[in-house]
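Asks: With the input below, show me the fold.
(one chain, ligands or ions: 2)
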Amino acid sequence: MQGLKDSIYQLITETSTNLPPDVRFAIKQGKENESAGTRSSIALSTITKNIDMAEENISPICQDTGMPTFEIHVPVGVNQIKMTRAIKEAIVKATEQGKLRPNSVDSLTGKNSGNNLGIGVPVIHFTQWEKNEIDIRLILKGGGCENKNIQYSLPCELPGLGRAGRDLDGIRKCILHSVYQAQGQGCSAGFIGVGIGGDRTSGYQLAKQQLFRKVDDQNPIPDLAKLEAYILETANQLGIGTMGFGGEATLLGCKIGVMDRIPASFFVSVAYNCWAYRRQGIIVNAETGEIERWLYKDEPTSAAPQQTKQQESADVFSNGKVLTTPLSEKEVRELKVGDVVIINGLIHTGRDALHKYLMDHDSPVDLTNGVLYHCGPVMLKDDDGNWVVKAAGPTTSIREEPYQADIIKKFGLRAIIGKGGMGAKTLQGLKEHGAVYLNAIGGAAQYYADCMETVEGVDFAEFGIPEAMWHLRVQGFAAIVTMDAHGNSLHKDVEMSALERLAQFKDRVFD
Ligand SMILES: O=C(O)C[C@H](O)C(=O)O
Ligand code: SF4
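Replies: Ligands and ions are numbered 1, 2, ... in the order given. Now for the predicted structure:
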């Protein structure tokens, strides 16, 4: 099986850089449902542009290339140890080539292995079958959406929906709630896989397996087909919209599977996947290891071929307010929720490890009037040894909620860029100290990498590439003010109105 490593390398590259036609088509349909010119529509146009850029640059669609998870069917007698070795070699190569971000972190020491190998990483599941060919499927599901997975134990009480019992209608309520609780933090508009039954472990596994189904397939179980259609339609009435900006496109796909349970347990497990729904598959010749065909390359049955390719590239952000760093308190206090801003100048990345560090240490650079970007980029060195940004979209900001207000105050920051919004403590901090929260478009890693002109330096390289503090000079970095210095938060407003809408679906629908 000489060719296997190359085949897997191709599979990884394709998964990370080129979204399958069924996913593209769903995103396009979501875009058609949004009214032109709204924040959600701007976000979806940026996403669409980003998808095309990733394919063209053969670079990651999103900088978070997730937990590489392989589901493999093999003929009896295939050497799984050799296959595992080939997969690991391909993973290392894909990381060196910037197709994967080094994402494997020691949970006790925090050390990034640098090559995407570690205890339990990558995830590889083998199943034997009686066919002669090998079927290898890969999903790269990022951390932000993984954090929005949720598991319900029935019966339970749900905000807005009341009691969810042990029947189809209780399941319906859990699934609707799962979309509500994700808000924009998993980079909506999303796709969900649902597992009904099993135990806590197998239920989540079943949920994740549903994400390998095609967006336009038909559930063979009539009750579940009905439920999938209902959820898709109803979740899009919650008004969460793309990135949680408010709008019509909240959910792009819902796939539900079922398995038996034991009498005392009744779990509904939901795997939430962001719009950057990266899954691919190959059929491989068991003798040569070469690819015989791809599994998710067919155009969706409901789409005319030319419709599936995203071609729109209108510069939707052209009308923003241009701000050059360092920012003044006056200009920042003038900003209001909904304003589009274009940032030029030096910005600094910082995420989980840096926030924790800055609480009790000084910053290596002066952050007064500065801009901090919640981002863990994909970086490579060029032939001259200079760092180049390969992918650099925002990460979910809410994780920094315990630190952010203190850090704004301590260092005199004027703007935080991230995605998904932050909470009450940060909102108060923005007001007190004269700062804003800018929501960048989650997952738009190529779009943002494109506006990063130079890498002016790096601190805390020992934290690993995603967690290091990168000093980046940007030109034309576009984002939307979603929390201002006047105590306004778009996230708070959207969440409250989504809860009201959720409550409209309290009454029984399925008997
Ligand atoms: O780790 C990242 O870069 C992003 C993450 O997937 C997130 O959505 O927060
Ligand atoms: S940043 Fe958004 S698009 Fe990227 S992996 Fe996280 S949730 Fe998905």
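
Asks: how far does the helix or strand containing Y204 sit from the chain's center?
Replies: Element membership for Y204 (DSSP states H and E) is helix 200-210. Computed by CA atoms, centre = their mean, to the nearest Å, the chain-centroid distance of helix 200-210 equals 19 Å.

Asks: ditto for stretch 338-348
Replies: 22 Å.

Asks: cool, stretch 233-252 as well?
Replies: With CA atoms, centre = their mean, you get 16 Å for stretch 233-252.

Asks: Could I get the phi/psi values of S328?
Replies: Backbone geometry at S328, expressed as degrees, to the nearest 10, gives phi -90, psi 160.

Asks: Look up the closest residue to it, ignoring the ones flanking it.
Replies: Excluding its sequence neighbours, the residue lying closest to S328 (CB to CB, 6 or more residues apart in numbering) is N369, at 6.8 Å. For glycine as for every other residue, the C-beta is placed from the backbone atoms N, C-alpha and C.

Asks: Show me the residue at the heart of the chain, geometrically.
Replies: C274 (4.3 Å; CA atoms, centre = their mean).

Asks: now it: how far from ligand 2?
Replies: As for C274, its distance to ligand 2 is 3 Å (criterion: CB to the nearest ligand atom, to the nearest Å).

Asks: same question, I231
Replies: Counting by CB to the nearest ligand atom, the gap from I231 to ligand 2 is 20 Å.

Asks: sec struct for the residue of the chain found nearest ligand 1, please.
Replies: Ranking the residues of the chain by distance to ligand 1 (CB to the nearest ligand atom) places G144 first, at 1.7 Å. Three-state call for G144 (DSSP: H, G, I helix; E, B strand; the rest coil): helix.

Asks: if I pick the closest residue to it other than its chain neighbours, what's in contact with it?
Replies: Nearest non-adjacent residue to G144, counting by CB to CB, 6+ apart: T396, 4.3 Å away. Counting by CB atoms under 8 Å, 6 or more residues apart in numbering, T396 touches 143-144, 147, 185, 374, 418-420, 442.

Asks: Buried ones only from those residues, please, as a PyMOL command.
Replies: Buried subset of the contacts of T396, written as a PyMOL selection, criterion 16 or more other CB atoms under 10 Å:
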select buried, resi 143+144+147+185+374+418+419+420+442
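
Asks: Which members of the contacts of T396 are positioned in helices?
Replies: 143-144 (DSSP state H).

Asks: So which of the contacts of T396 are in strands?
Replies: Residues of the contacts of T396 located in strands (DSSP state E): G418.

Asks: For S45, state which of the contacts of T396 is nearest.
Replies: G442 (14.2 Å; CB to CB).

Asks: and V378, what does it touch?
Replies: Here V378 is in contact with 59-60, 63, 65, 98, 100-101, 389-392, 445, 465 (CB under 8 Å, 6+ apart).

Asks: and ligand 1, which of those reach it?
Replies: With respect to ligand 1, and counting by CB under 6 Å from any ligand atom, the subset of these in contact is Q63.

Asks: Closest to G197 out of the contacts of V378?
Replies: T65 (31.0 Å).

Asks: Determine whether the claim that that closest one is in a helix is correct.
Replies: No - under three-state DSSP, T65 falls outside any helix and is assigned coil.

Asks: what's the burial count for it?
Replies: By the criterion of other CB atoms under 10 Å, T65 has 29 neighbours.

Asks: still on that earlier bit, which of the contacts of V378 fall within helices?
Replies: Counting by DSSP H, these contribute A445 to helices.

Asks: quick check, nearest of the contacts of V378 to C254?
Replies: Checking the contacts of V378 against C254 with CB to CB, the nearest one is T65 at 24.5 Å.

Asks: Distance of the nearest residue to that closest one once chain neighbours are set aside relative to ligand 2?
Replies: Among residues not flanking T65 along the chain, L100 sits closest, at 4.4 Å (CB to CB, 6+ apart). From L100 across to ligand 2, the span is 12 Å (CB to the nearest ligand atom).

Asks: what does the model give L100 for pLDDT?
Replies: According to the prediction, L100 has pLDDT 98.

Asks: which residues sit in contact with it?
Replies: Counted by CB under 8 Å, 6+ apart, L100 has contacts 12, 16, 60, 65, 68, 91, 94, 116, 140, 378.

Asks: And it, how close does it get to A225?
Replies: 36 Å (CB to CB, to the nearest Å).

Asks: Ok, I240 next?
Replies: 24 Å.

Asks: quick one, phi/psi of the residue nearest to T65?
Replies: Main-chain dihedrals, L100, degrees, to the nearest 10: phi -130, psi 140.

Asks: Please report how far the residue nearest to G144 lies from C145.
Replies: 9 Å.

Asks: which residues touch the spatially closest residue to G193 that is not a sequence neighbour?
Replies: Excluding its sequence neighbours, the residue lying closest to G193 (CB to CB, 6+ apart) is Q210, at 3.2 Å. Listed by CB under 8 Å, 6+ apart, the contact set of Q210 reads 193-195, 255-257, 271.

Asks: For the closest residue to N439 other than its chain neighbours, identify the helix or strand it belongs to.
Replies: Computed as CB to CB, 6+ apart, the closest residue to N439 that is not its neighbour in sequence is T482, at 4.2 Å. Secondary structure assigned from DSSP H and E places T482 in strand 469-483.

Asks: Only the buried residues of that strand, if you could.
Replies: In strand 469-483, counting by 16+ other CB under 10 Å, buried: 469-472, 474, 476-483.

Asks: Burial check on E130, number of neighbours?
Replies: 7.
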